[in-house]
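**Student:** the sequence isn't on hand, but the structure is:
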């Protein structure tokens, strides 16, 4: 046995397992620095359960890749300041993009999560063919890619959210009722227009991405969250044990089409009484204003419409407040059902629901408290998104940058050709 | 850098990380043998991406712990038969237990999943104090522990499912409406009555455990499943990416209290229109039979009641078939909502719903097909449990035995005292 055990220790001498293990340990250090903050190598080794020589080697490689850097610790209570290691926020970039009913948007973040580029363009997607919409998005992408290139880099990935059902493996939008799309190969179209780039090009459901934007890596209260994201349609996403939950074919999070009001209205999807029919922006507008009211006119941008609702509510307009109250009640009814099923730590109201949140939050909480079997709502809290209407595109950028945390070898060593590192 | 990299390879020379890594690799071999079947050491090494010496050492240790054994491969098309390695089914035992409205049950399985002991006792839990019910369970447990002791072993864990909300960390039943329990420290009560045993004693929600029993380790079609489990109450469980999903405080899976029929009946929980009120056994019995019908009498065991319903349906009794049709429709309505939210690969109907499954399956599938936004029900299939009414107790035993797969060092080496292996 003794000999065989020595054999185990020699496992590092070569082969696929060493590269896999090395990559996993590089990722471990990246996660450690992100979640636990800058630390000395010795401290990092102790916190990660690795030995000091190992951590020195890993940090060395991450420095070569430009992902971490050395800094000086503050002079603490004990001893002299030592050398600490921290993430280099400018070491990598991720790009998020979004195709929604009224707009296309792109945004880039650096490794520290700082936004370094944002472009937005109003587009009436329903009046254009999918190719034309993708062309409009690519125009914006070129702007964002140029912003990243100015920093001497190119992104690790471009992740595009689309308001529809997305087959992530194929990069195809299967069905997007509010866009009128069916089987549109968005990833392939983008790759072609971007001249088959080296970086990853992915497509996802926009509300799923909005959910990612709400998850705070490393925060235990934000490990199991559920995001209800509303613009024209209502979608959402689930973060389970800290990771986006996609379901069998990636269609999880279509909360808007849970039937909550069986005797209610016809939904855009053809069914009756979907949650979307009682909490979507369209319904709120119908309840809050006459058809001739400018609030319901076609000229207003989403932001302007929401701002006007908030203005009227703040001025005490009875009809607006009654309409908000009704939306809040229905948000709570659906949120209670989801809480019984999933017991999330937090349900985040995102998109337009976040923007009108101050008027509906109390109604939502009351319905959840009375509708959930577990005492104290099972510990589930209601929170309003603080990201605003750019949640989806931020989530896309976060997913893009997250590739670096999963596989730091995606970022090349300065001047060193990479051999088989990502094979 | 070269020296630091050598340092990495030397990481195996001692310390906490080596033990953790060793344990993880022992678990890797156990999972590999379970999911991929018996294989030669060389084949195992190739499949797991470890080198041969490593695998030999790991297999040697697992043999010392009695968890794997050598066997002879069938003579194949090529070459002579070699020595293969396989799980030793008799190497460890796990015990499941259940406290439900009408019965307490215990069951033990070996590492191969074979049932080696099962004891069941009818108990009217509502007529007894929690202490009395736990005493009854412990009587059965002594029988099952004796069955395991006869095989020269003791269990790795005893996992008890209770029909109520369970705080798993504390091992306490917070609320169990159908049992009339509140804040009952079941784990502590069991530990005391079992004389503070060395093995783990855990408590969980019984429907969550029933869900575990349906997940087939290693089957990609059974990685994302959702189980709707019905006896008197309706509960369930979620298996996400192959692991039980618990939610923030472990209360996920209370599907029975999602409101689906707002104008419907009062539920035992005090709310109106819960799913339980339209698909629970009580409702089926009310629709299918008059109050004076023996089918609704207090004497029948759950199994007998369900058997009688199946008999009447098979005989073409109109009222029974109409009642089953209505239950099937409502099961489908709730299942569609859950499918929009979670897009599981399979929804398994378990407990009494599985037993009457042949009469409701078509109605469930039709409602899911029409109620789910994603085309083709998003790939979600409806399946009937094949485990019968012992799903929860089998799930408990599976969770118990799963501890061995996560940490094979829980099973001691033959004659070798364990030093810090599980600290």
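**Tutor:** Nice, I can see it. What you see is a predicted model, and the numbers here were worked out from it, not measured in a lab. Numbers count the residues shown, from 1 in each chain, chains lettered A, B, ... in the order given.
**Student:** so how far is the lengthiest helix in chain A from its chain's centroid?
**Tutor:** Secondary structure assigned by DSSP state H gives helix A:318-342 as the longest helix of chain A. Average the C-alpha atoms of helix A:318-342, do the same for its chain, and the two points are 24 Å apart (Cα atoms, centre = their mean, to the nearest Å).
**Student:** that one versus helix B:318-342: what angle between them?
**Tutor:** Relative orientation of helix A:318-342 versus helix B:318-342 (axes from the mean of the first three to the mean of the last three Cα atoms, to 10 degrees): 100 degrees.
**Student:** who's residue A:236 bridged to?
**Tutor:** When bridges are taken as DSSP bridges, the partners of residue A:236 come out as residue A:228.
**Student:** for the one 4 residues further on, same thing?
**Tutor:** Listed by DSSP bridges, the beta-bridge partners for residue A:240 are residue A:243.
**Student:** just to check, it is in contact with residue B:244?
**Tutor:** No: taking contacts as Cβ atoms under 8 Å, residue A:240 lies outside contact range of residue B:244: 10.8 Å. Heads up, the C-betas are built off the backbone N, CA and C, glycines and all.
**Student:** pick out whichever of these two has more residues nearby.
**Tutor:** For the pair residue A:240 and residue B:244, the greater number of neighbours falls to residue A:240 (24 against 21), based on other Cβ atoms under 10 Å in any protein chain shown.
**Student:** quick check: residue A:223 touching residue A:238?
**Tutor:** No: if you go by Cβ under 8 Å, residue A:223 and residue A:238 don't touch, sitting 11.6 Å apart.
**Student:** neighbouring contacts of stretch A:275-295?
**Tutor:** Applying Cβ atoms under 8 Å, 6 or more residues apart in numbering or on different chains, the contact partners of stretch A:275-295 are A:230-234, A:255-261, A:264-269, A:296, A:300, A:302, A:305-306, A:308-309, A:312, A:319-320, A:322-324, A:326-327, A:330-331, A:334, A:352-353, A:356.
**Student:** stretch A:130-147 too?
**Tutor:** Contacts of stretch A:130-147 with the rest of the structure, by Cβ under 8 Å, 6+ apart, involve A:95, A:97, A:99, A:104-108, A:116-121, A:123, A:125, A:128, A:154-155, A:158, A:160, A:179, A:181, A:184, A:186, A:189-190, A:193-194.
**Student:** how distant is that stretch from the center of its chain?
**Tutor:** 20 Å.
**Student:** tell me the mean pLDDT over that stretch?
**Tutor:** In this model, stretch A:130-147 has an average pLDDT of 97.
**Student:** please identify the buried residues of it?
**Tutor:** Buried residues in stretch A:130-147, counting neighbours by 16 or more other Cβ atoms under 10 Å in any protein chain shown, are found at A:130, A:133, A:134, A:136, A:137, A:138, A:140, A:141, A:144, A:145, A:147.
**Student:** check stretch A:35-42 too.
**Tutor:** Under the neighbour-count criterion of 16+ other Cβ under 10 Å, stretch A:35-42 has A:38, A:39, A:41 buried.
**Student:** same check, this time on stretch A:357-372
**Tutor:** So stretch A:357-372, judged by 16+ other Cβ under 10 Å, has buried residues A:357, A:359, A:360, A:361, A:363, A:364, A:365, A:367, A:368, A:369, A:371, A:372.
**Student:** ok, residue A:386 - how many residues close by?
**Tutor:** The burial count assigned to residue A:386 is 11, neighbours taken as other Cβ under 10 Å.
**Student:** against chain B, how distant is it?
**Tutor:** The gap separating residue A:386 from chain B is 20 Å, by Cβ to the nearest Cβ, to the nearest Å.
**Student:** just say helix, strand or coil for that residue.
**Tutor:** Counting by DSSP: H, G, I helix; E, B strand; the rest coil, the backbone at residue A:386 sits in coil.
**Student:** what's the spacing between it and residue A:402?
**Tutor:** Applying Cβ to Cβ, to the nearest Å, the value for residue A:386 to residue A:402 is 20 Å.
**Student:** put the buried members of the contacts of stretch A:275-295 into a PyMOL selection.
**Tutor:** The buried subset of the contacts of stretch A:275-295, as determined by 16+ other Cβ under 10 Å, is captured in PyMOL by this line:
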select buried, chain A and resi 230+231+232+233+234+255+256+257+258+259+260+261+264+267+268+269+300+302+305+306+308+309+312+320+323+324+326+327+330+331+334+352+353+356
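**Student:** tell me which of the contacts of stretch A:275-295 fall in strands.
**Tutor:** When DSSP state E is applied, those are split such that A:230, A:234 fall in strands.
**Student:** what about the helices in the stretch 151-300 of chain A?
**Tutor:** In the stretch 151-300 of chain A, helices defined by DSSP state H, counting those that start in this stretch lie at A:186-193, A:206-214, A:275-279, A:281-288, listed in chain order.
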